[in-house]
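Chemist: what follows is a protein structure lacking sequence information:
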């Protein structure tokens, strides 16, 4: 059966599907990715759909292209971060794609639509825009319910002890688990811990984060955040290691940024505000006492 493929519909449809799949991945992994990055990755997904026009005789080459394309989509949408984080997002993205592929195969096998084409990970069919939106909302709702059923519980404990290590020096303070802290470093997408500057006095006493050599050595970044006064930026650096001590154990990682706040946190009750993603990792990778 011959199917006439319109390039504009092919691009828009696959960009739309890629965005929905990345959104589902974000939801299941609680990655809190940037909407802009996800949109750029979706546009790349739309462009990748034109692979159906390439004369690829080797199935192995097609599989390798799909693997590479999926890696690019995940990197663009969620940043590099740690290797473990990337592999988790990559695996979940593939799992979501398999679910989508199964739905497309079931649709084709059951209804035999004349204008439908499914080749590898590329889908094409003439569909009413409103129907496409409705189906996407339904799929997203199903993934959201799955997220609620399988999502890890947030730890009941909200107060932790934080140790920050930088160039063999250490700073310690009390830390509060702030569920509203969704700050990530824009380029790496690593989670951000907000720390009051007085806590870091010993670590940064002889350092100027604005100096080029210091900024390069500590991977200093300007981290945008929303405050009551509006959007502002906080200077952030990458420590050698942070250790989060909880009642059940501790988590050690270097895959994090420290944002320096010039105002006390929570009225001065705590020295740091933790990112909830770190606590989710703590439930899995934990050094028991």
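Modeler: The structure has been received and is ready for your questions. All figures in this text were calculated on a predicted structure; none of them were measured in a lab.
Chemist: least trustworthy helix or strand in the chain by mean pLDDT?
Modeler: Counting by mean pLDDT, DSSP states H and E, the chain has its least confident helix or strand at strand 117-119, which shows a mean of 55.
Chemist: just the helices from the protein, written as ranges.
Modeler: Listed in chain order, the helices of the chain (DSSP state H) span residues 7-29, 35-48, 59-78, 83-111, 129-150, 201-204, 212-217, 276-282.
Chemist: and residue 194, what does it touch?
Modeler: Neighbour list for residue 194: 178, 181, 183, 225, 234, 259, 261, 265, 272-273 [criterion: C-beta atoms under 8 Å, 6 or more residues apart in numbering]. Just so you know, the C-beta spots here come from the backbone N, C-alpha and C atoms, and that holds for glycine as well.
Chemist: what residues are up against the closest residue to it other than its chain neighbours?
Modeler: Excluding its sequence neighbours, the residue lying closest to residue 194 (C-beta to C-beta, 6 or more residues apart in numbering) is residue 273, at 4.4 Å. Residue 273 makes contact with 175-176, 178, 181, 193-195, 265-266, according to C-beta under 8 Å, 6+ apart.
Chemist: redo the residues you listed as a markdown table? Include pLDDT.
Modeler: Putting the contacts of residue 273 into a markdown table (pLDDT from 0 to 100) gives the following:
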| residue | pLDDT |
| --- | --- |
| 175 | 90 |
| 176 | 88 |
| 178 | 80 |
| 181 | 76 |
| 193 | 93 |
| 194 | 93 |
| 195 | 93 |
| 265 | 81 |
| 266 | 71 |
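Chemist: just the buried members of the residues you listed?
Modeler: 175-176, 178, 181, 193-195, 265 (16 or more other C-beta atoms under 10 Å).
Chemist: ok, the residues you listed vs residue 13, which is closest?
Modeler: residue 181 (36.7 Å; C-beta to C-beta).
Chemist: state the distance from that closest one to residue 261.
Modeler: 11 Å (C-beta to C-beta, to the nearest Å).
Chemist: could you do residue 199 as well?
Modeler: In terms of C-beta to C-beta, residue 199 sits 9 Å off from residue 261.
Chemist: same check on residue 205?
Modeler: Taking C-beta to C-beta, one finds residue 205 at 17 Å from residue 261.
Chemist: out of those two, which sits in the busier spot?
Modeler: Legend: neighbour count by other C-beta atoms under 10 Å for residue 205 and residue 261, higher for residue 261 (20 against 8).
Chemist: what's the neighbour count on residue 196?
Modeler: 20.
Chemist: how is the protein carved up into domains?
Modeler: Domain assignment for the chain by automatic domain parsing gives 7-150, 159-282.
Chemist: which of those comes out lowest on mean pLDDT?
Modeler: Among these, domain 7-150 has the lowest mean pLDDT, at a mean of 75.
Chemist: list the contacts for residue 237?
Modeler: Counting by C-beta under 8 Å, 6+ apart, the residues that residue 237 touches are 166, 209, 218-221, 257-258, 260.
Chemist: may I see the ChimeraX selection of the buried members of these?
Modeler: Applying 16+ other C-beta under 10 Å to the contacts of residue 237, the buried members can be selected in ChimeraX as follows:
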select :166,218,220,221,257,258,260
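Chemist: between the contacts of residue 237, which sits nearest residue 158?
Modeler: Checking the contacts of residue 237 one by one against residue 158 (C-beta to C-beta), the nearest turns out to be residue 258, at 19.7 Å.
Chemist: for residue 88, see how far away that closest one is.
Modeler: 23 Å.
Chemist: kindly report the same for residue 52.
Modeler: With C-beta to C-beta as the criterion, residue 52 and residue 88 are 30 Å apart.
Chemist: of these two, who's got more company?
Modeler: Neighbour count, other C-beta under 10 Å: between residue 52 and residue 88, residue 88 has more, with 20 against 17.
Chemist: and the closest residue to that one other than its chain neighbours, what does it touch?
Modeler: Among residues not flanking residue 88 along the chain, residue 29 sits closest, at 6.2 Å (C-beta to C-beta, 6+ apart). Residue 29 sits next to 88-89, 92 when contact means C-beta under 8 Å, 6+ apart.
Chemist: all the strands of the stretch 151-289 of the chain, residue numbers only.
Modeler: Using DSSP state E, counting those that start in this stretch, the strands of the stretch 151-289 of the chain run over 159-166, 169-177, 192-196, 221-227, 230-237, 241-246, 249-253, 257-261, 272-274.
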